[in-house]
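Student: Turn this into a structure:
(2 chains)
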Amino acid sequence: MIIAENLCKEFEKSYKEGKKTKKEKFLAVDHVSLTAKEGEIVGILGPNGAGKTTLLRMLGALMTPTEGQVMLADADGREITDNTKKKEAIGYLSGNTKLYPRFSIREYLTFLGEVYEYPKQEITERIEKIIDVLDMSAFADNRIEKLSTGQTQRASIARCLMADPMLYILDEPTLGLDILSADAIIRFMKEQKEKGKTVLYSTHYLEEAQVLCDRIYMICGGKIVAQGSPAQLMEQTNSSNLREAFHEIYKESIGEDNNEKA
Amino acid sequence: MKRLKTLIKKEIMDILRDKKTLIIMVVVPLLLYPTIMIGMSLIMSMVIQSQEEAVHTVAYEGSAADAEVVEALEALYAEHSEDLACELTFEQMKRNDEAQADVWLSVSAEEGENIKVEISYTSTNQDSNYAESAVTELLSYYKDDLLKEKLAGEGLTEEFLTPVEVESVDSASESESMGMSIGGSIGMMLIVTVLMGAFYPAVDVTTGEKERGTLETLLTLPVSNFQMIMSKYIAVALFACATAVLSLLALGGSVVFLMFAVSTELAAELQGISAATILSMVPVLLAAMVTVALLITAICMCFCVFAKSMKEANNYSTAVMLIIMFASMVGMIPTANLDYKTALIPIANTSLLIKQIAAQQFSFSLAAVTIAVNFAYSVIIIWILAKMYDSEDILFHDGFKNFQIFKKRSEFTKGTVPGTGDMIMSIVVLLLLVLYVGTAVTVRNPFGGVIVQQLLILAVPVVVVWYMKSDYKKLFSLQKPKKGTVLAGICLYVGAFSLEMALVGILTKLLPASAENVTASFEVLMDQPTILIVLVMALMPAVGEEIFFRGFLYGGLKHKYDVKWAVLISAIIFGAFHMSLVKLIPTAMLGACFAYIVYKSGSIYIGMTLHFINNAFLMLQMKEPDTFGKILPVLMKEEYAPLDMAGFVAVGVIGLAAGIVLMKKAENRKMQ
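Tutor: Down below sits the predicted model:
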């Protein structure tokens, strides 16, 4: 289980005003609170630049929040405080987490197993199993730089599986994948949910989110503008599908923003 | 610990799979040294041999005078041809055919006058040079013979002309002086190969990791940022050390090959070096190279961390390479030698040490200082590196805006503040300029050296600030002091000065050699007129050093860091810049005092004036002890009594306390 309370992240952006470059501080993530429980797939939706990636980075313990806190509890409900222990419990995957191009999948997984300090025997066993599950035996010994996009993404999933974490944070995992690879990823998320793991994921594919997510947080301008199950969100906005609901909520939040400014 | 090992293994594997890196690291040193050492010596002996074998033509027109001299020369040539550098043949020619000859001889002899011989040669033509020196040598024999004849005619002997015989004997063996002359360039070569061995892996594991997008993946692993950067550092350092060791092996191999395979005079000399000397040289050389490899790795990685892309890293690499190369070229300056001052300059010290080792006259204590100094610098830079790698700005974003100086001037907006990197670059550039230009002038004229040094200290920040379009008035604090701060500044200065005197008293006792060094370096300058001394030793430093240390460094640092760090760092650099162990802490203290005054008063002028008074006072005391010694006689003492010391400390504490209180008051008054 992961609970975020009032998370904020402040960045500095520079912009031009006439000839002078000015700097301004702004909140990329603005007082966000959210929860994701065991056996749940939680979706984070929002337009580009809404602060999704920054939010997920803070949840994944890659970034330190400027304000607020992230609490992570293990299977027995005890809080994990140590940063490295947190990272052990989280499988984090995003467009920015690429794999070492000069390694093969097998070598890379072995390296991970050594970092997670598994015994040697277990490392080989796990790798064989993962390669089997993700159907990667054909290219497990090729250098990662030679793999296709779909194969690479499967290798990334393999990376997360190696640690067998209790929480998955996946930043747009199906982006740019063909139907086969995307379906493999969706299947993977469902399997993890059935195993009682927590999955937090962001996506731009609303049809996918509508069927997959138990709950959804919509963020815009760093703030949460709506939350609930897909059905609830559609009901609130009188929409027949999540795509329409998204447009409604987005329009509203923009309007509010403009009112605030006025 | 186990995780660190796994990470290091991964970094090494990653680096090893990049062919480019391997080639530069292994192949370059293995080929470079044999090629340079053996190739050069072979080519040189071939060239010399061919020159010696060739017959050079000495042409003359054939007047009676010509014929007489040439006849004598031919006779002498038959006698001395063995000793000459080349073979000669004498030919009578028409003046028009001059081009066919290597040298042209024309003799004019008037009755009763000295014989005049004109040798026309072409200095740009090697053959012509050889022929000229051979003919000159023959002529000197001819001259001697004539002289002897004349003396005999007067009934005198040769000793008549040389009442004093002077003979200088070089105590350095040929191999020692050879070592001295090539040692400087060998040091540079070794350092540059280590740099190449370190730089590419350094770029690969930092910028490369960022560009390939694997850095964030690494961050998801349960390892601390410190483990991450240390594993990278250790992996790259291992490669740099491997390059260093390989280079030494290649160099050693080439030398051994030269000793046994090529029979030259050099080889004979090299064989004369005792085994004990070699045994003592090798570990020192190895330790020096390994520590310099550690340092270079740290420097390279510090630069690479800033680069967003490989392209940018390449831009930085040019700067890093130039700096390190310049520093390592110090060994090639004939007058530069390793002493306790130069041993403090990183990298340059290694180059100088290698020069001394090559000349077989190194001292173990200086070698130890060099190695320790480089090691200490490495630790400091690694600490900075670890700090930088803890920053989210570096890990996720464009990195710090620290090295702005590499941008084009048109890209700067007005009012840019120099970043930390810009300041480090400026310090390094200034140090190198002082080292090269300053030394070059000092050798000819010590006083001129001081002037040049002071001009450089002023010029570097002014040029940088102009280039970056900084707001120099704001950066240098060129503003009127706030009300009430002048008196407070004076109090602070009196306090700091007294404490400085007390400290100097203690340190002089602890480090007498270094103290004498300082006094001696001033005494050289004291034969100038008083007004010039005050101008150069007091006014120029007051302006230049204040602008550089309190304006540029402190002004830039306080934008990035807490004021106390800005004061402290600028003060330490100010102290270190005086390159003397005795002066380090006292000068740093004075620097901190001046920086604090700038902070509180908002003006550089108070510190500048006090700095001028401080230097002028010290200089006048030294130049005119009779007049100025009477003002504060206690300062003229050779050694301070305990009572004097207590007085200094008391005045120091009271002065500082009063200064701080007055500053606070001035601040409060302004607030109201």
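
Student: going forward, measure contacts and count neighbours with C-alpha atoms only.
Tutor: Fine.

Student: need the next SSE after the helix or strand of chain B with the lowest mean pLDDT, C-terminal direction.
Tutor: Least confident helix or strand, chain B: helix B:265-271 with a mean of 61, by mean pLDDT, DSSP states H and E. Sequence order places helix B:275-306 as the next helix or strand after helix B:265-271, per DSSP states H and E.

Student: helices or strands up against the helix or strand that that following helix is followed by?
Tutor: Next along the chain after helix B:275-306, taking DSSP H and E as the criterion, comes helix B:310-328. Here helix B:310-328 touches helix B:174-203, helix B:275-306, helix B:348-358, helix B:420-433, going by 3 or more C-alpha pairs under 8 Å, 6 or more residues apart in numbering or on different chains; DSSP states H and E.

Student: which one of these is the most hemmed in?
Tutor: helix B:348-358 (a mean of 29; mean count of other C-alpha atoms under 10 Å in any protein chain shown).

Student: The closest residue to residue B:221 other than its chain neighbours: how many residues sit nearby?
Tutor: Nearest non-adjacent residue to residue B:221, counting by C-alpha to C-alpha, 6 or more residues apart in numbering or on different chains: residue A:87, 6.0 Å away. Using other C-alpha atoms under 10 Å in any protein chain shown, residue A:87 has 23 neighbouring residues.

Student: What mean pLDDT does the helix or strand encompassing residue A:87 get?
Tutor: Using DSSP H and E, residue A:87 sits in helix A:83-89. In this model, helix A:83-89 has a mean pLDDT of 87.

Student: And the strands in chain A?
Tutor: A:2-17, A:20-36, A:41-45, A:67-73, A:79-80, A:90-93, A:167-171, A:198-202, A:215-220, A:223-228 (DSSP state E).

Student: do the same with the stretch 351-500 of chain B
Tutor: Assigned by DSSP state E, counting those that start in this stretch, the stretch 351-500 of chain B shows no strands.

Student: Which residues of the stretch 101-250 of chain A lie near chain B?
Tutor: Within the stretch 101-250 of chain A, the positions lying close to chain B (C-alpha under 8 Å from any C-alpha of the partner chain) are A:101, A:102, A:103, A:111, A:114, A:115, A:116, A:117.

Student: let's see 6 Å
Tutor: residue A:115 (C-alpha under 6 Å from any C-alpha of the partner chain).

Student: Which one of the residues in the stretch 101-250 of chain A is closest to chain B?
Tutor: Closest to chain B within the stretch 101-250 of chain A is residue A:115: 5.4 Å, counting by C-alpha to the nearest C-alpha.

Student: That residue and residue B:5 touch, don't they?
Tutor: No: look at residue A:115 against residue B:5 with C-alpha atoms under 6 Å: they stay out of range, at 9.2 Å.

Student: So which of the two has more stuff around it?
Tutor: Higher neighbour count among residue A:115 and residue B:5: residue A:115, with 20 against 16, using other C-alpha under 10 Å.

Student: And that one, what's its pLDDT?
Tutor: Per-residue pLDDT puts residue A:115 at 90.

Student: wait, what's in contact with it?
Tutor: Residues near residue A:115 by C-alpha atoms under 6 Å, 6 or more residues apart in numbering or on different chains: residue B:3.

Student: May I ask you to name the longest helix in the chain?
Tutor: Picking chain A for this. Ranked by residue count, the top helix of chain A under DSSP state H comes out as helix A:242-261.

Student: wrong one, I was asking about chain B
Tutor: helix B:225-261.

Student: near chain A at all, that one?
Tutor: No: shown here: helix B:225-261 not in contact with chain A (C-alpha under 6 Å from any C-alpha), separated by at least 10.0 Å.

Student: Which positions in that helix come out as buried?
Tutor: Under the neighbour-count criterion of 16 or more other C-alpha atoms under 10 Å in any protein chain shown, helix B:225-261 has B:225-248, B:250-251, B:253-255, B:258-259 buried.

Student: Which residue, other than its chain neighbours, is closest to residue B:434?
Tutor: Residue B:434 sits nearest to residue B:453 (C-alpha to C-alpha, 6+ apart), 5.8 Å away.

Student: before we move on, the earlier item: from the contact counts, what lies against the longest helix of chain B?
Tutor: On a contact count with 3 or more C-alpha pairs under 6 Å, 6 or more residues apart in numbering or on different chains; DSSP states H and E, helix B:225-261 meets helix B:2-16, helix B:28-34, helix B:174-203, helix B:275-306.

Student: Give me the distance between residue A:92 and residue A:62.
Tutor: Distance, residue A:92 to residue A:62, using C-alpha to C-alpha, to the nearest Å: 9 Å.

Student: Would you pull up the residue in the stretch 451-600 of chain B closest to chain A?
Tutor: residue B:469 (12.5 Å).

Student: ok, that residue touching residue B:411?
Tutor: No: using C-alpha under 6 Å, residue B:469 makes no contact with residue B:411, being 10.0 Å away.

Student: neighbour count winner among those two?
Tutor: Of the pair residue B:469 and residue B:411, residue B:469 is the one with more neighbours under other C-alpha under 10 Å, namely 19 against 10.

Student: ok, the residue nearest to residue B:434 - how many residues close by?
Tutor: 25.

Student: okay, it: pLDDT?
Tutor: pLDDT at residue B:453 comes out at 88.

Student: before we move on, what about residue B:201?
Tutor: Looking at residue B:201, its pLDDT stands at 89.

Student: quick one, what contacts it?
Tutor: By C-alpha under 6 Å, 6+ apart, the neighbours of residue B:201 are residue B:236.

Student: how far out from the middle of the chain is stretch A:41-49?
Tutor: Between the centre of stretch A:41-49 and the centre of its chain there are 9 Å (C-alpha atoms, centre = their mean, to the nearest Å).

Student: just to revisit the earlier point, tell me the phi and psi of the residue of the stretch 451-600 of chain B closest to chain A?
Tutor: phi 50, psi 40 (degrees, to the nearest 10).

Student: what about the spatially closest residue to it that is not a sequence neighbour, distance to residue B:298?
Tutor: In this structure, residue B:469 finds its nearest non-sequential neighbour in residue B:414, 5.1 Å apart by C-alpha to C-alpha, 6+ apart. Residue B:414 is 33 Å from residue B:298, where distance means C-alpha to C-alpha.

Student: same deal with residue B:116?
Tutor: For residue B:116, the distance to residue B:298 - C-alpha to C-alpha - is 66 Å.

Student: Next: residue B:317.
Tutor: From residue B:317 to residue B:298 the distance is 13 Å (C-alpha to C-alpha).

Student: what's the answer for residue B:162, then?
Tutor: Going from residue B:162 to residue B:298 by C-alpha to C-alpha gives 62 Å.

Student: okay, and for the stretch 351-500 of chain B, where does confidence drop off?
Tutor: Residue ranges of the stretch 351-500 of chain B with pLDDT under 70: B:397-407.
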